[in-house]
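[1] Structure of the sequence below:
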Amino acid sequence: MRTSQLLLRSGLTSAAAVLPIALTAPSAVAVPTGISVSTTGSSVTVTTSDCPNSTNGTFGTASLLSSGQANFSQGRQATLTGTSTTQSASWANVGPGTYTVIGVCKDGTTAGTQSVIVTAATPTISTTASPARGVMGGVGGATREYGTITLVGGGALVAAGTGAAVWYLRRRAKPHRL
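    A predicted model of the protein is given here:
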């Protein structure tokens, strides 16, 4: 019985010594990071780092599938562009609804699949700057203050034009006068 106790103890001791090493050793299995999908208003963007190889600057293709579409080729496709560490594609003017985004690398492997919900974009109302004093209707609609001399000169021209029009019309009313 003494021998079996020693073997049991030594087995437990060696197993206890190996356990911390097994827990701290890094995993050799590579876990794909997949894709990340985000929405801003009516735009959808997909980002991945699973497609490091490119051909002429394109790393693959992403497809945006609406709820009635079943396979990759039916969706709106966009080219994955970027660098060997991060690739992305985006779609604009996407209507409200639930969509599935699929990313496929140039070598044919699937980078990932993710669903996204696009909500109706609320319109943004922006204000524009207006003149501090508004439109000055009596001064010809200008926002700049003109001096007294300019206003008197304008008034004199209006008075001269009015006088000339009255003189001409009075002369025309009496044909016997030259």
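[2] and the residue lying closest to residue 90 once chain neighbours are set aside, bridged to which residues?
    For residue 90, ignoring the flanking residues on the chain, the nearest one in space by Cβ to Cβ, 6 or more residues apart in numbering is residue 45 at 4.3 Å. Every residue, glycine included, has its C-beta placed from N, CA and C. Note on residue 45: beta-bridge partners residue 38, residue 90, judged by DSSP bridges.
[3] what does residue 64 give?
    Bridge pairing for residue 64 - DSSP bridges - gives residue 76, residue 101.
[4] contacting residues for it?
    44, 75, 76, 77, 78, 91, 94, 99, 100, 101 (Cβ atoms under 8 Å, 6 or more residues apart in numbering).
[5] so which of those would you say is closest to residue 151?
    residue 94 (57.6 Å; Cβ to Cβ).
[6] could you measure the closest one against residue 41, distance?
    Applying Cβ to Cβ, to the nearest Å, the value for residue 94 to residue 41 is 9 Å.
[7] neighbour-wise, which of these two wins?
    A count of neighbours by other Cβ atoms under 10 Å puts residue 94 above the other of residue 94 and residue 41, at 19 against 15.
[8] Hmm, that one is touching residue 118, no?
    Yes - taking contacts as Cβ atoms under 8 Å, residue 94 lies within contact range of residue 118: 5.2 Å.
[9] Spell out which residues are contacts of both of those two.
    Joint contacts of residue 94 and residue 118 (Cβ under 8 Å, 6+ apart) are 39, 42, 44.
[10] For residue 169, give me phi and psi.
    phi -70, psi -40 (degrees, to the nearest 10).
[11] and it, what is it in contact with?
    Per Cβ under 8 Å, 6+ apart, neighbours of residue 169: none.
[12] Model confidence for it, exactly?
    Per-residue confidence (pLDDT) for residue 169: 87.
[13] do the one 5 residues further on as well
    Residue 174 is assigned a pLDDT of 73 by the prediction.
[14] Could you do residue 82 as well?
    pLDDT, residue 82: 88.
[15] Report the contact partners of it.
    Counted by Cβ under 8 Å, 6+ apart, residue 82 has contacts 59, 88.
[16] ditto for residue 74
    63, 65.
[17] let's see 6 Å
    By Cβ atoms under 6 Å, 6 or more residues apart in numbering, no residues touch residue 74.
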